[in-house]
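J.: I would like the atomic coordinates for the input below:
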Amino acid sequence: DSASQRDTVSIQAGNYQPIGQLLVDKSLSFVGENDQMPTINLDSAALLANWDVTPNFGTNFTNLKFQSNGSSSDWTFMLRSGNYRFTNCHFYEIQSSYNIRIINSSLVVEGCEFNNSDSIVDIVTWGENEADNTVHFISNQINQSSLWIELRSSTDSLYLRNYHFQQKDVRIEVGYLALSDTYFDNCPVQILVDQGHFENNTFFSCAPASGVNLIRIEDEGEGTFLRNVFNWNNAAYALIRAASTQLFTIDHCTFASNETSLFELQGDSYGELSNSIVQTNESQNILFFNGNSSQSFFSKYNLIDFSAGGGWGQSDQTEENIIYAEPIFLDAENYDYHLTFGSPAIDTGDPESPLDPDGTRADMGAFYFHQAGSWGDAPDRLWTRTSGSTDNDSPVQIIQSPSSTDVVVLSNYRATDTQTNVIMMEKYNLD
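T.: Sure thing, here's the model as predicted:
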């Protein structure tokens, strides 16, 4: 009660047992000692932000451990009409139905550790009408078996980035999701959004946590997928579903060895695939049109590999500048889908797309092939040319330094077993 607005409450190392709820109605920062994290033992509900506070006040928690004493309640934290932040905090053995409940608030959770009950919902809104919540969930350590976030209103937003989930049950329901730099490894996954942006993610050997899709776009929303990898996943219907009048666009993505259809379209939904690589197998098609015939799908500047079986699954998709060939990945057997020298996906993307970081025309797939020179400070002074061929007509590229007689010969060819792609680099001196 003696703290004033914007005060910092320093908490020394030790174990603390609050008497009743911690009611916070001011902008305060609670900071634990750096050398040893203080522990706050929770009886039931831990913190209630005053229902009558003015909007945009802020409460911060840093370097604190919140631990349950074995009792349970409906929620642990109730955060209302304000800006809240948890940094380097631990949530340990929480037994509540909901760990953090927010109402008309902004919440940042960064660098924290979660080790709670398997059945807990980690972050949830009070109800569908308590909208305009924004959550940034960044670089946290998930030691429990699941991550469950429900922000149910179409005006709620979740920003989630920088994770490696391994055998975690991940369930996300939110109005808008921005998911980036995250690796899903053998995970049950259920992502339900109205709007979503997915960038630099990998879904490996995943299956739906419930339902028939990994990712569902609902309520006339829009989904964008940029530089994602989907490999060895399975689902009852398809990996990505667009229902009703949704729009989804997939750009610079790689799909390899999945065991189900890639895209399910319902109603009047529309999908567009560009600058991507799709490698199917005998149990997989690209498209599944579910319901009426009003769906549409446009494919342009993609590399499609049907050599192991599978196909489009529909006959009325629109195609433009498609290459049907093997992509020549670096090491697909070990799930490395970078391109190698000689891949037909190099420099064959949409010429209207932004250049790759090496300044060349866009490549297809999630990973571009770097082609920068290696002599001096001005690689544009190097000259290159394609010359000759090996016995099986694979290309040879000669690169010469302008300031010496040194040359490097790069050759790319198939070994006699026809399964191995060999790249050789040899240096010669013209003298």
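
J.: Can you report how many residues lie near E272?
T.: 16 (other CB atoms under 10 Å). For the C-beta atoms, the positions are set from N, CA and C on the backbone; glycine is no exception.

J.: ditto for N285
T.: Around N285 there are 18 residues (other CB under 10 Å).

J.: and if you look at E319?
T.: 13.

J.: Against E272, how distant is it?
T.: 12 Å (CB to CB, to the nearest Å).

J.: what's the overlap in contacts for the two?
T.: Here E319 and E272 have 299-300 as joint contacts, going by CB atoms under 8 Å, 6 or more residues apart in numbering.

J.: Next, count neighbours for the residue lying closest to Y301 once chain neighbours are set aside.
T.: Among residues not flanking Y301 along the chain, D350 sits closest, at 4.2 Å (CB to CB, 6 or more residues apart in numbering). Each residue near D350 was counted by other CB under 10 Å, and the total is 18.

J.: Repeat that for A235.
T.: 23.

J.: who touches the residue lying closest to it once chain neighbours are set aside in this structure?
T.: Nearest-residue entry for A235: T260, 4.7 Å, with adjacent residues in sequence omitted and distances by CB to CB, 6+ apart. Contacts for T260 (CB under 8 Å, 6+ apart) come out as 233-239, 283-284.

J.: What about those, which are in strands?
T.: Assigned to strands by DSSP state E, the following of the contacts of T260 qualify: 238-239.

J.: Give the buried subset of the contacts of T260 as a PyMOL selection command.
T.: In PyMOL, a selection of the buried entries from the contacts of T260 looks like this (16 or more other CB atoms under 10 Å):
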select buried, resi 233+235+237+238+239+284
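
J.: Select from the contacts of T260 the entry with the lowest predicted confidence.
T.: Note: of the contacts of T260, the lowest pLDDT belongs to S283, at 73.

J.: Could you measure from that one over to F306?
T.: S283 is 13 Å from F306, by CB to CB.

J.: swap in T254?
T.: Taking CB to CB, one finds T254 at 16 Å from F306.

J.: Which of those two has more residues huddled nearby?
T.: Using other CB under 10 Å as the criterion, T254 and F306 rank with T254 on top: 25 against 18.

J.: all helices for this protein, in order.
T.: With helices called from DSSP state H, the chain shows none.

J.: isn't the residue nearest to Y301 right next to E320, touching?
T.: No. Under the criterion of CB atoms under 8 Å, D350 is not in contact with E320, lying 9.4 Å apart.

J.: Overlap in contacts, these two.
T.: In contact with both D350 and E320: 300-301, using CB under 8 Å, 6+ apart.

J.: pLDDT score assigned to the nearest residue to D35 once chain neighbours are set aside?
T.: Of all residues not flanking D35 in the chain, A13 sits nearest, at 7.1 Å (CB to CB, 6+ apart). At A13, the model reports a pLDDT of 92.

J.: Now do the contacts for A13.
T.: 32-33, 35-38.

J.: so G175 makes contact with S153?
T.: Yes. Judged on CB under 8 Å, G175 makes contact with S153 at a distance of 5.5 Å.

J.: more neighbours, these two?
T.: Neighbours were counted for G175 and for S153 using other CB under 10 Å; G175 has more, 24 against 18.

J.: which residues sit in contact with the more buried one?
T.: By CB under 8 Å, 6+ apart, the neighbours of G175 are 131, 151-157, 193-195.

J.: what pLDDT does L47 get?
T.: 65.

J.: Give me the pLDDT for S374.
T.: 37.

J.: got it, and L22?
T.: pLDDT, L22: 74.

J.: Quick one: neighbours of it, just the number.
T.: 15.

J.: so how far is A209 from the closest residue in space to D118 that isn't next to it in sequence?
T.: Excluding the flanking residues, the one nearest D118 by CB to CB, 6+ apart is S145, at 5.1 Å. Distance, S145 to A209, by CB to CB: 12 Å.

J.: out of the two, which sits in the busier spot?
T.: A209 (18 against 13).

J.: Report the set of residues contacting both of S145 and A209.
T.: With CB under 8 Å, 6+ apart, S145 and A209 have common neighbours D169.

J.: Run through the bridge partners of S261.
T.: A238 (DSSP bridges).

J.: Repeat that for V170.
T.: Here V170, judged by DSSP bridges, has bridge partners L147, V189.

J.: wait, what's in contact with it?
T.: Per CB under 8 Å, 6+ apart, neighbours of V170: 146-147, 184, 187-191, 209.

J.: Please read off the pLDDT at it from the model.
T.: For V170, pLDDT reads 97.

J.: Where does pLDDT dip in the stretch 1-150 of the chain?
T.: Scanning the stretch 1-150 of the chain with the threshold set as pLDDT under 70 gives 1, 43-57, 71-72, 127-131.

J.: Roughly how far does S2 sit from G14?
T.: 20 Å.

J.: again with F288
T.: 58 Å.

J.: So which of the two has more stuff around it?
T.: A direct count of neighbours by other CB under 10 Å for F288 and G14 places F288 higher, at 18 against 10.

J.: Hmm, the more buried one is touching S269, no?
T.: No. At 11.6 Å, F288 does not count as touching S269 under the criterion of CB under 8 Å.

J.: The residue nearest to D118: what's it in contact with?
T.: Neighbours of S145 in contact, by CB under 8 Å, 6+ apart: 118, 167-169.

J.: What number of residues are in the vicinity of N34?
T.: 10.

J.: Give me the pLDDT for T405.
T.: 61.

J.: Repeat that for the one 10 residues further on.
T.: A415 is assigned a predicted lDDT (pLDDT) of 52.

J.: could you dump stretch 296-311 to PDB, C-alpha only?
T.: The C-alpha atoms that make up stretch 296-311 are tabulated as PDB, following Å, rounded to 0.1, in the frame of the first residue of the first chain:
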ATOM      1  CA  SER A 296      -9.700 -21.800 -56.900                       C
ATOM      2  CA  PHE A 297      -6.000 -22.200 -56.800                       C
ATOM      3  CA  PHE A 298      -3.200 -20.500 -58.700                       C
ATOM      4  CA  SER A 299       0.300 -21.800 -59.000                       C
ATOM      5  CA  LYS A 300       3.100 -19.800 -60.600                       C
ATOM      6  CA  TYR A 301       6.900 -20.100 -60.700                       C
ATOM      7  CA  ASN A 302       7.100 -23.300 -58.700                       C
ATOM      8  CA  LEU A 303       9.100 -26.500 -58.900                       C
ATOM      9  CA  ILE A 304       6.900 -29.600 -58.700                       C
ATOM     10  CA  ASP A 305       8.400 -33.100 -58.200                       C
ATOM     11  CA  PHE A 306       5.900 -35.900 -58.800                       C
ATOM     12  CA  SER A 307       8.700 -38.500 -59.400                       C
ATOM     13  CA  ALA A 308       7.900 -40.400 -56.200                       C
ATOM     14  CA  GLY A 309       4.100 -40.400 -56.900                       C
ATOM     15  CA  GLY A 310       1.200 -38.200 -56.000                       C
ATOM     16  CA  GLY A 311      -0.200 -35.300 -58.100                       C
END
